[in-house]
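[1] Sequence and computational prediction follow.
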Amino acid sequence: METLLPLVKSELRITWTHEDADLLRLLARGQTVIDRCIGIAMDYETEGEARELLFAYVRYSRNNAVEYFRENFRDQITSLSLHHGAEAFAALEVV
């Protein structure tokens with residue numbers, strides 16, 4: 001998660017360090033929320049939709065609007081959930 005801190009700070013245009021601990025907490029909370037919504041542990045270290053959702057969660061939470069996150073990102077969350085569910089299903093062996 002430490003590797004995500006400079007990336008989220010850049011995304012949010014934060015250059016100071018006194019919010020680092022709060023941002024790390026929000027990143028951890030966001031990962032938990034998104035993983036629960038999607039149904040699996042996502043890879044946030046790699047550039048992609050999961051990281052984009054995580055940074056959006058941090059932005060919403062930092063602006064005291066986290067209650068709108070699921071509603072506003074429902075399509076992306078559903079899309080990721082279906083995509084990863086289909087991958088898991090395709091990986092099952094047919095007996």
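    Alright, I've got the coordinates.
[2] rest of the way, CA atoms for contacts and neighbours
    Noted.
[3] any idea how far residue 50 is from residue 5?
    Residue 5 sits 15 Å away from residue 50, going by Cα to Cα, to the nearest Å.
[4] what do you get for residue 30?
    Using Cα to Cα, we find residue 30 at a distance of 10 Å from residue 50.
[5] repeat for residue 38
    Counting by Cα to Cα - residue 38 and residue 50 are separated by 10 Å.
[6] shared neighbours of those two, which are they?
    Listed as contacting both residue 38 and residue 50 by Cα atoms under 8 Å, 6 or more residues apart in numbering are residue 80.
[7] State the helix or strand in which residue 14 lies.
    Assigned by DSSP states H and E, residue 14 belongs to no helix or strand.
[8] Phi and psi next, for it.
    Reported as degrees, to the nearest 10, the phi and psi values for residue 14 are phi -100, psi 120.
[9] Count the residues that sit near it.
    14 (other Cα atoms under 10 Å).
[10] Noted, bye for now.
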